[in-house]
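Asks: A predicted structure for the sequence below; I have some questions about it.
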Number of protein chains: 2
Amino acid sequence: MAAQDTKVQTRAKGQATADRVRAAAMKRFAQAGYAAVSMREIASDVGVRPGALYNHFQTKQDILNDLMLGHMAQLLDAWETADFPDHMDALERFVRFHVRYHLERADEVFISYMELRNLEPDNFETIETERRKYEAILTEILEKGAQDGRYTPEHPKVTTRAIIAMLTGIPAWFRESGPLSKSDIEDHYVNLVQNAVLRAPGQSPRETG
Amino acid sequence: MAAQDTKVQTRAKGQATADRVRAAAMKRFAQAGYAAVSMREIASDVGVRPGALYNHFQTKQDILNDLMLGHMAQLLDAWETADFPDHMDALERFVRFHVRYHLERADEVFISYMELRNLEPDNFETIETERRKYEAILTEILEKGAQDGRYTPEHPKVTTRAIIAMLTGIPAWFRESGPLSKSDIEDHYVNLVQNAVLRAPGQSPRETG
DNA sequence: CTTGTAAATGAATGATCGTTCATTTATTTA
DNA sequence: TAAATAAATGAACGATCATTCATTTACAAG
């Protein structure tokens, strides 16, 4: 690591600019959408001429792809390294992790599911693979809970998508100035999700239709 | 009505073209996003020259606004006129209605929540007003159920958004060719939603954290 | 201090955008 | 059939787009 310090130092300025490009693109993409944002706007935010962006990213598409790849990698890594009280069950861990992460990284999350269709096919496939890994975490939790008889066993993959859609929608309406704190939201969603899938003792699955 | 038949007839051809513009724009916007669709593409789909579009819509923005206004109006009207078995409770009605409607009008729904940010401020406000009306239907159902002691009383507005986000996400992954039919999906979501908010007799609200 | 390279500039490229408009074509009214 | 009006055409407008590139500037290495 120390042996490469000089080399790292050499490219420090370029790295810094690239990071500012990422930050500017993130905000712009989140607010206006990929297709509505111009390279000129990003360059202006960074304080640089449009052409200079191409010293750091080959195309506009590469910026979007970089942001989405980075988001998925960080999301999966954050889950791996997250720590929770020992007594907390897996489902509650997942819900709390997901809500927290999505409330703290609203822009990244928003882009990552709004701009999927603006990814070129190859990039799209890569991102979809990462997304499926994340969904698999929750599906596995639900399946394990179903085996134990604690959760309802029906359609764990569908339930996964239902839960994730429910949670991912939070940043769209949550406002710091609202009546509920982030912690309140977290608690409420834990409750909703647990109730949705819990098979209460002595309570058989309801018949509907 | 009959007295205006001649006048209606006069504009019948224009109406037909306008409808085809709507249909083409709907598909294109849903697939690629408003900003990524050109008036030339829409005109080409309709089988007309770009300039002809302006005989029916003043601007590209007006097309988007027309689609979203139409969707919200039809959604609210469909709820008003929907009929269900007498014995079915309000929450189940809402969930079944919402799932069905969204599975049948995937493009309209997708546009209406993906393209909100591409609406100019005035148009956005109008659509938001309609959207709030729709959310209010579910909130009222939850509040009434809470008064009766059937549903958990916490944060009905937040729960409304959680449920709607969960349901609205379905068209994003549902495929006719998948293992579950539309009817299966409907049943499963009814179950999830009912469990999420039901206060089972003798079951006090769970403590979390 | 010189050399090599990274980073940024400034100007230009061709393409495409939404929109306008005088004109032509189609259809309906009188 | 003649007049009126709706609808569509074809060509053009200026603006903006992503991207390229020869050149200049900044900076670290030897």
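Replies: Received, thanks. As the structure is a prediction and not an experimental result, all values here were calculated from the model.
Asks: okay, which residue is most central for chain A?
Replies: Closest residue to the average C-alpha location of chain A: A:Val109 at 4.4 Å, with Cα atoms, centre = their mean.
Asks: wait, isn't that residue in contact with A:His102?
Replies: Yes. Using Cβ atoms under 8 Å, A:Val109 is in contact with A:His102, at 4.9 Å. Quick note: C-beta positions are derived from backbone N, CA and C, even for glycine.
Asks: Quickly list what's touching both of these two.
Replies: A:Thr168, A:Pro171 (Cβ atoms under 8 Å, 6 or more residues apart in numbering or on different chains).
Asks: returning to that earlier point: that's a helix at the residue nearest to the centre of chain A, yeah?
Replies: Yes. Note on A:Val109: a helix contains this position according to DSSP: H, G, I helix; E, B strand; the rest coil.
Asks: Show the pLDDT at it.
Replies: Looking at A:Val109, its pLDDT stands at 92.
Asks: now do A:Ala2
Replies: At A:Ala2, pLDDT is 35.
Asks: what's the answer for the one 3 residues further on, then?
Replies: Confidence per residue is given as pLDDT, and for A:Asp5 that number is 38.
Asks: One more: A:Ala12?
Replies: Listed pLDDT for A:Ala12 reads 70.
Asks: what's the neighbour count on it?
Replies: 10 (other Cβ atoms under 10 Å in any protein chain shown).
Asks: any idea which helix or strand carries the residue lying closest to A:Val158 once chain neighbours are set aside?
Replies: Excluding its sequence neighbours, the residue lying closest to A:Val158 (Cβ to Cβ, 6 or more residues apart in numbering or on different chains) is B:His188, at 5.9 Å. Using DSSP states H and E, the element containing B:His188 is helix B:182-197.
Asks: State the next helix or strand along the chain beyond the lowest-mean-pLDDT helix or strand in chain A.
Replies: Within chain A, no helix or strand scores below helix A:5-10, which has a mean of 45 by mean pLDDT, DSSP states H and E. Following helix A:5-10 in sequence order, the next helix or strand is helix A:12-32 (DSSP H and E).
Asks: then the helix holding B:His188 to PDB, C-alphas only?
Replies: Extracted in PDB, the C-alpha atoms of helix B:182-197 (Å, rounded to 0.1, in the frame of the first residue of the first chain):
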ATOM      1  CA  LYS B 182     -52.900 -12.200 -12.100                       C
ATOM      2  CA  SER B 183     -55.500 -13.700  -9.800                       C
ATOM      3  CA  ASP B 184     -52.800 -15.400  -7.700                       C
ATOM      4  CA  ILE B 185     -50.900 -12.100  -7.400                       C
ATOM      5  CA  GLU B 186     -54.100 -10.400  -6.400                       C
ATOM      6  CA  ASP B 187     -54.900 -13.000  -3.700                       C
ATOM      7  CA  HIS B 188     -51.400 -12.900  -2.300                       C
ATOM      8  CA  TYR B 189     -51.300  -9.100  -2.000                       C
ATOM      9  CA  VAL B 190     -54.700  -9.100  -0.300                       C
ATOM     10  CA  ASN B 191     -53.200 -11.400   2.200                       C
ATOM     11  CA  LEU B 192     -50.000  -9.400   2.800                       C
ATOM     12  CA  VAL B 193     -51.900  -6.100   3.100                       C
ATOM     13  CA  GLN B 194     -54.600  -7.500   5.400                       C
ATOM     14  CA  ASN B 195     -52.000  -9.200   7.700                       C
ATOM     15  CA  ALA B 196     -49.900  -6.000   7.700                       C
ATOM     16  CA  VAL B 197     -52.600  -3.800   9.200                       C
END
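Asks: For the longest helix seen in chain A, name the packing helices and strands.
Replies: Counting residues, the longest helix in chain A under DSSP state H turns out to be helix A:121-147. Contacting helix A:121-147 under the criterion 3 or more Cβ pairs under 8 Å, 6 or more residues apart in numbering or on different chains; DSSP states H and E are the following elements: helix A:60-81, helix A:90-104, helix A:156-168.
Asks: Those helices into CSV, with extra columns for distance to B:Ile63?
Replies: CSV is the format used below for the helices and strands packed on helix A:121-147 (distance: least, Cβ to Cβ, whole Å):
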stretch, distance to B:Ile63
helix A:60-81, 26
helix A:90-104, 33
helix A:156-168, 28
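Asks: out of those helices, which comes closest to DNA strand C?
Replies: Closest of those to DNA strand C is helix A:60-81, at 12.5 Å (criterion: Cβ to the nearest atom of the strand).
Asks: could you say what helices and strands the closest one packs with?
Replies: When contacts are defined as 3+ Cβ pairs under 8 Å, 6+ apart, helix A:60-81 packs onto helix A:12-32, helix A:90-104, helix A:106-114, helix A:121-147.
Asks: Is there any residue in the last one that contacts DNA strand D?
Replies: In other words, helix A:121-147. No. Using Cβ under 7 Å from any atom of the strand, helix A:121-147 stays clear of DNA strand D, coming no nearer than 12.9 Å.
Asks: quick check: angle from that helix to helix A:106-114?
Replies: 100 degrees (axes from the mean of the first three to the mean of the last three Cα atoms, to 10 degrees).
Asks: Show the contacting residues for the residue nearest to the centre of chain A.
Replies: Per Cβ under 8 Å, 6+ apart, neighbours of A:Val109: A:His71, A:Tyr101, A:His102, A:Thr168, A:Pro171.
Asks: How is chain A divided into domains?
Replies: Under automatic domain parsing, the residue ranges defining each domain of chain A are A:1-57, A:59-209.
Asks: Let's have the ones you listed in TSV, adding distance to DNA strand C.
Replies: As requested, the domains of chain A are exported to TSV (distance: least, Cβ to the nearest atom of the strand, whole Å):
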stretch	distance to DNA strand C
domain A:1-57	2
domain A:59-209	12
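Asks: among those domains, which is nearest B:Met39?
Replies: domain A:1-57 (14.5 Å; Cβ to Cβ).
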